[in-house]
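Q: build the 3D model from these lines:
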Amino acid sequence: MTVKALLKAKGGSGEVSTIRSDITIDAATRVLKEKRIGALVVCDDGRSIAGILSERDVVRGLAEHGAAVMQMPVASLMTSNVKTTNLSAKVDDVMSEMTQSRIRHLPVVHDGALSGLVSIGDVVKYRMKELESETSVLRDFIVGR
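A: Residues are numbered from 1 along each chain as shown. Coordinates of the predicted model:
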């Protein structure tokens, strides 16, 4: 399965939650809470990726700066060197990249612009469906259907 197919199967509007780099961490954490998500893609122009801000980044910032971190801009905590994928990438390759890089979110870029976001939850859901399908085929084979 490709990332394109995974995003299509995921459903929804395909909209990616983004935030500008000059917004405060306090405002960013409110967006994370309201949308019940674990990361925001930092995108100042609405097209290109400047970084990604995850819950982990916020926790690390709190450990390093204390409560003052809440008034700092997103740019001060975001991960700038963002790993990305594309629509034609295989989900197995995405899974491998997430595991090796120890990341939970992988922005999808198409024609130089942000076009989606794959989370570890999306990958796990895909893998579980794949395993259920394989189990069903094997069960049918054993029973002789």
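Q: which non-adjacent residue is nearest Lys90?
A: Spatial nearest neighbour of Lys90, chain neighbours left out: Thr2 (6.3 Å); criterion: Cβ to Cβ, 6 or more residues apart in numbering. In this view, the C-beta of every residue, glycine as well, is placed from N, C-alpha and C.
Q: dump the residue contacts of the one you found.
A: Going by Cβ atoms under 8 Å, 6 or more residues apart in numbering, Thr2 touches Leu87, Ser88, Ala89, Lys90, Val91.
Q: wait, Leu6 touches Val124, no?
A: No: with contacts defined as Cβ atoms under 8 Å, Leu6 does not count as touching Val124, sitting 11.5 Å away.
Q: more neighbours: which of those two?
A: The residue with more neighbours, out of Leu6 and Val124, is Leu6; 21 against 11, by other Cβ atoms under 10 Å.
Q: A helix includes the more buried one, no?
A: Yes: Leu6: assigned to a helix according to DSSP: H, G, I helix; E, B strand; the rest coil.
Q: separation between it and Ser136?
A: Here the criterion is Cβ to Cβ, to the nearest Å. By it, Leu6 lies 20 Å from Ser136.
Q: spatially central residue for the protein, please.
A: Residue closest to the average C-alpha location in the chain (Cα atoms, centre = their mean): His105, at 2.5 Å.
Q: in contact with that residue, which residues?
A: Gly38, Ala39, Ile52, Ser54, Leu117, Val118, Ser119, Ile120.
Q: how about the nearest residue to the fourth one, chain neighbours excluded?
A: Looking back up the chat, that one is Ser54. Ala39 (4.1 Å).
Q: would you confirm that the one you found contacts Ile52?
A: Yes: judged on Cβ under 8 Å, Ala39 makes contact with Ile52 at a distance of 5.7 Å.
Q: neighbour count: those two, which is higher?
A: Neighbour count, other Cβ under 10 Å: between Ala39 and Ile52, Ile52 has more, with 26 against 23.
Q: quick check, that one in a strand?
A: Yes: counting by three-state DSSP, Ile52 is found in a strand.
Q: ok now do it, which residues does it touch?
A: With the criterion set at Cβ under 8 Å, 6+ apart, Ile52 makes contact with Ala39, Leu40, Val41, Val42, Met78, Thr79, Val82, His105, Pro107.
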